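Peer 1: Provided below for reference: sequence and predicted model.
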Amino acid sequence: MRIDQVLSEAVARLAHHASGGAATPHLDAQLLLAHVLGRSRTWLYTWGDREVDALDLERFHALIERREQGEPVAWLLGYREFFGLRLAVSPHTLIPRPDTETLVEQALLRMPSNAGHALDIGTGSGAIALALAVERPGWQVTGTDIVSEAVALARRNAEALGITNVRLEESDFFSALHPSSRFELIVSNPPYIDEHDVHLGQGDVRFEPRSALVAKDNGMADLLHLIDTARGFLTPDGWLLLEHGYQQGEGVRAALIQAGYRGVETCQDLGGRERVSLGQWPAAISDDSRPEGP
């Protein structure tokens, strides 16, 4: 079959199963065929009259069948682009999303070009930590995750990208860090979805690890824990930045203010929804008055 015919047939199949997760059938089909052929999507358009050989067609149909069942495209490809980086993904971590690039952008605004220390809690594939490390080579970035398979994946991504100013460790929040550790910047995209949220049964999240998605107390438990505990690991004037659900901005801002952070604000994602809230730990508060570390 010709490339254009193969794509047309695949798009029709995926559109029929749109409710199962293939909400972008044209893009999905193009990405998967380009992957199988080792070509770009532009090449597919340019050479639409070329024939697809039988072996490649069989591989492509196998991927389309898996996508019909709702399996995320990122898993089928084995990677996801994030902030200009190609990152390997796995079922042990969240798939990096464009909304999280807002967190990276806001963090970089608070990271001067000179040296510093940054911490990414719940690093998953390493997306946030690695993006920060690439953009700020003078900084030392630490990424932690409670899931050992996630840490292993993040380390593989760092090695594949040749990123050396990053340390990736297994840790439950701050538990593996020395109590005297201090960071000018702490960021996190923690679990923040309520366990009863209907979106858990839709799209890619059906396949992603529930532990990386769901938090107690209407999705606020991990956010509140980070707001409280991060105070013991921030330098004076250090920043805490948290990604959260689009309806949680008010609650996160209130918690930051109550905990003593200053300059509290919330930033919108690409869709104009409240997505990242942040606050600065004041320099006037001495180490003696900080909460004790774990």
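Peer 2: Sure, I can see it.

Peer 1: for the rest of this, base every contact and every neighbour count on C-alpha atoms.
Peer 2: Noted.

Peer 1: and Asn114, how many neighbours?
Peer 2: As a burial measure, Asn114 scores 9 neighbours (other Cα atoms under 10 Å).

Peer 1: next up, the contacts around it.
Peer 2: Gly138, Trp139 (Cα atoms under 8 Å, 6 or more residues apart in numbering).

Peer 1: apply 10 Å and report the result again.
Peer 2: Arg136, Pro137, Gly138, Trp139 (Cα atoms under 10 Å, 6 or more residues apart in numbering).

Peer 1: low-confidence ranges, the stretch 51-200 of the chain, go.
Peer 2: 197-200 (pLDDT under 70).

Peer 1: not counting the helix or strand harbouring Thr102 itself, show me its contacts.
Peer 2: Assessed by DSSP states H and E, Thr102 sits inside helix 101-109. With contact meaning Cα under 10 Å, 6+ apart, helix 101-109 is reached by 82-83, 118, 127-129, 131-132, 135-136, 185-189, 239-244, 267-270, 275-278.

Peer 1: output that helix in CSV with nothing but the alpha carbons.
Peer 2: Backbone C-alpha positions of helix 101-109 (Å, rounded to 0.1, in the frame of the first residue of the first chain) are rendered in CSV as follows:
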residue,chain,number,x,y,z
GLU,A,101,7.0,23.1,30.6
THR,A,102,5.4,26.1,32.4
LEU,A,103,7.0,24.9,35.6
VAL,A,104,10.4,24.7,33.9
GLU,A,105,10.0,28.2,32.4
GLN,A,106,9.1,29.7,35.7
ALA,A,107,11.9,27.9,37.5
LEU,A,108,14.5,29.2,35.0
LEU,A,109,13.3,32.8,35.6
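
Peer 1: downstream of it, the next helix or strand is which one?
Peer 2: Remark: after helix 101-109, the chain's next helix or strand is strand 117-121, criterion DSSP H and E.

Peer 1: centre of the chain to that next one, how far?
Peer 2: How far strand 117-121 lies from its chain's middle: 14 Å, per Cα atoms, centre = their mean, to the nearest Å.

Peer 1: likewise for stretch 81-90?
Peer 2: Using Cα atoms, centre = their mean, the offset of stretch 81-90 from its chain centre is 9 Å.

Peer 1: beta-bridge partners for His117, please?
Peer 2: Counting by DSSP bridges, His117 forms beta bridges with Gln140.

Peer 1: and the next element down the chain from the top strand by length along the chain?
Peer 2: As assigned by DSSP state E, the longest strand anywhere in the chain is strand 234-243. Sequence order places helix 249-258 as the next helix or strand after strand 234-243, per DSSP H and E.

Peer 1: helices and strands around that next one, which ones?
Peer 2: The contact analysis (3 or more Cα pairs under 10 Å, 6 or more residues apart in numbering; DSSP states H and E) places helix 249-258 against helix 221-229, strand 234-243, strand 262-268, strand 274-280.

Peer 1: tell me the angle of the helix holding Thr102 relative to strand 117-121?
Peer 2: 160 degrees (axes from the mean of the first three to the mean of the last three Cα atoms, to 10 degrees).

Peer 1: which parts of helix 101-109 are buried?
Peer 2: In terms of neighbour count (16 or more other Cα atoms under 10 Å), helix 101-109 has its buried residues at Glu101, Thr102, Leu103, Val104, Gln106, Ala107, Leu108.

Peer 1: quick one: the fourth one and Met1, what's the gap?
Peer 2: When distance is defined by Cα to Cα, to the nearest Å, Val104 is 43 Å away from Met1.

Peer 1: then the third one?
Peer 2: For Leu103, the distance to Met1 under the criterion Cα to Cα works out to 44 Å.

Peer 1: just checking: what are the partner strands of the longest strand of the chain?
Peer 2: strand 183-188 (parallel), strand 274-280 (antiparallel).

Peer 1: next, the angle from the first one to helix 221-229.
Peer 2: Following the same axes, to 10 degrees, one obtains 170 degrees for the angle between strand 183-188 and helix 221-229.
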